[in-house]
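>>> I would like the atomic coordinates for the input below:
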Amino acid sequence: MTTKNDHKQPPARKKKSKRERRMRAIVIVMIAAMVVSSLLTGASFFM
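Residues are numbered from 1 along each chain as shown. The predicted structure follows:
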């Protein structure tokens, strides 16, 4: 006998909360700021 649970379904994707999205955006902005600042610091040595 087969039941409904026998059929394998991929796990449903959980919607990210606003807090998780905001934290991810902040992390991306911080990394971008670090990259830009290190590039500007490196460029200032050649001027």
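
>>> Now for the spatially most central residue of the chain: which residues touch it?
By Cα atoms, centre = their mean, the mean C-alpha position of the chain lies nearest to residue 24, the distance being 4.8 Å. Residues in contact with residue 24 (Cβ atoms under 8 Å, 6 or more residues apart in numbering) are residue 16. Bear in mind the C-beta positions are built from the backbone N, C-alpha and C, glycine included.

>>> Quick check: it vs residue 15, distance?
14 Å (Cβ to Cβ, to the nearest Å).

>>> Please apply the same query to residue 26.
Distance, residue 26 to residue 15, by Cβ to Cβ: 19 Å.

>>> again, but for residue 42
Distance from residue 42 to residue 15, by Cβ to Cβ: 41 Å.

>>> Residue 26 and residue 15: who's more crowded?
Taking other Cβ atoms under 10 Å, residue 26 and residue 15 do not tie; residue 26 has more neighbours (10 against 7).

>>> For burial, what's the neighbour tally of residue 17?
Neighbours of residue 17 under the rule other Cβ under 10 Å: 9.

>>> Check residue 41 too.
Residue 41: 9 neighbours (other Cβ under 10 Å).

>>> Now do the contacts for it.
Neighbours of residue 41 in contact, by Cβ under 8 Å, 6+ apart: none.

>>> count of residues packed around residue 27?
10.

>>> So for the stretch of helix or strand it belongs to, mean pLDDT?
Using DSSP states H and E, residue 27 maps to helix 18-45. The average pLDDT for helix 18-45 rounds to 93.

>>> can you give me the offset of that helix from its chain's centre?
13 Å (Cα atoms, centre = their mean, to the nearest Å).

>>> Report the separation between the residue nearest to the centre of the chain and residue 47.
35 Å.

>>> what does residue 41 give?
Counting by Cβ to Cβ, the gap from residue 41 to residue 47 is 11 Å.
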